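> Got a sequence here, can you model it:
(one chain, ligands or ions: 1)
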Amino acid sequence: MRTLRDVKGLRSVVAGWKRAGQSVGVVPTMGALHEGHLSLVAAAKAGTDRVIATVFVNPMQFNNAEDLAKYPRTEDRDAAMLMEAGVDLLFAPAPEVVYPDGFATTVGVSGLSTDLEGTFRPGHFDGVATVVTKLLMMTGADRAYFGEKDWQQLQIVRRLVRDLNIPATITGCATRREADGLAMSSRNLRLSAEERAVAPALHNAMAAAAAAIRGGAPVPAALATARDAVVAAGFAEVEYLELREAEGLAPLDRLDRPARLLAAAWLGPVRLIDNIAVAP
Ligand code: AMP
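Predicted structure coming up:
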C-alpha cells in the first residue's frame, strides 16, 4: 500500500490504473478506524479493482473547536489496518493541501443540510459536502462508499453527486455495531467505562420505538418514550430523536412510507448519533 499526501501524485497513480482499464473505489474517512470503516473497505474491494482510502480530519466540518482538537488521530495504526484490509493507496493530505491559502469555495446542499444534524451543528454539512466533492474530484474514483451510520450525510452526498453531475456511483453500507448494539464510532473511544456501559441505551430505545411504531403505536408517543428512556439511562440530553421519510428526510407523524428513525444525544463529553430503518 502506498501513502500519498499530494494531489498530483494521487492523480498520476489513478491515471495509470485507469489506463490499464481498472475501476477505482474510494472510502473517505477521518481515521481512528474501526470495523465499520473496514466494512466499507471490504465493499469497495468487492466492487472495484483498486481501492483508495482517505484519512483526513476535515476542519471545515467541525463546528466545535474542542471536538476538532480532541478528535482521535491514530494514523500509524490506521495505515496498518488499511494495508491489512488490502487497500492499494492511502491518501492522507495535510489541511493546507485540501484548503490552500485563498480557498474560497463552498459546496452546500440546500434544505437537507440545515435540518436535524444541521440544526445542532451549523455549517457541518457544508464542510462535509465541500470535502466530499473535493475528494471525488481529486481521486477521480468511479465509486465511493459511505456508511449508513451517517444517514443524513449519505443522503446529502447522493444529492450533491447527482446535482453536480459528478461521475461517481455512491454506495451506502450498513451500520456495524458492537455486540451490545452500540453503533461503532471513532468517538466511542472518548467514553469512560461507565459511559460506555450506558451507551447502548440509545440504540435499544430506538429499536424499541421502531418496533412500537411498526406495531401501530402513535408516533409522537413512541418517540417521547424513547427520549425519556435515553435520559433515564444516563444520557445528559437528547438533541433530536425523530421519525423521518427515509430519503427526503421530511418529518413523519405516521408510518405510511419507508422511514428512518434518527437521533443525536450527549453522553458525558461525547455526542452520539444513530439511525435505524422503520419499514411500514
Ligand atoms: P468517519 O471517519 O466517522 O468520517 O466515517 C467515515 C465513513 O465510515 C463514513 O462514511 C461513515 O458513515 C462510515 N462509518 C462510520 N461508522 C460506521 C459504522 N459503525 N458502520 C458503518 N460505517 C460507518
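
> mind listing the helices in the protein by residue range?
Here the chain has its helices, by DSSP state H, at 7-19, 35-47, 65-70, 75-84, 95-98, 117-120, 124-139, 151-163, 193-198, 200-214, 219-233.

> Neighbours of the closest residue to residue 234 other than its chain neighbours, how many?
Distance criterion CB to CB, 6 or more residues apart in numbering; nearest residue to residue 234, sequence neighbours excluded, is residue 198 at 4.1 Å. Using the backbone N, CA and C atoms, a C-beta is placed for each residue, glycine as well. Other residues within reach of residue 198, judged by other CB atoms under 10 Å, total 17.

> now do residue 233
Around residue 233 there are 17 residues (other CB under 10 Å).

> which helices and strands does the lowest-mean-pLDDT helix or strand in the chain pack with?
Every helix and strand in the chain was compared by mean pLDDT, DSSP states H and E; the lowest is helix 65-70, with a mean of 92. The helices and strands touching helix 65-70, judged by 3 or more CB pairs under 8 Å, 6 or more residues apart in numbering; DSSP states H and E, number zero.

> and that helix, anywhere near the ligand?
No: judged by CB under 6 Å from any ligand atom, helix 65-70 stays clear of the ligand, getting no closer than 12.0 Å.

> Kindly report the same for stretch 141-148.
Yes: against the ligand, stretch 141-148 shows contacts by CB under 6 Å from any ligand atom at 146-147.

> avg pLDDT for that stretch?
In this model, stretch 141-148 carries a mean pLDDT of 98.

> Return the set of buried residues in that stretch.
Neighbour-count burial for stretch 141-148, counted by 16 or more other CB atoms under 10 Å, picks out 141-148.

> Show me the contact partners of that stretch.
Contact with stretch 141-148 is made by 14, 23-28, 36-37, 39-41, 43-44, 47-48, 52, 132, 135-136, 153-154, 157, 167-176, 275, as judged by CB atoms under 8 Å, 6 or more residues apart in numbering.

> Can you say which of those residues are buried?
Taking 16+ other CB under 10 Å as the criterion, what is buried in these is 14, 24-28, 36-37, 39-41, 43-44, 48, 52, 132, 135-136, 153-154, 157, 168-173, 175-176, 275.

> hmm, back to that, of the helices of the chain, which is nearest residue 261?
With CB to CB as the measure, helix 200-214 is the member of these nearest residue 261 (5.3 Å).
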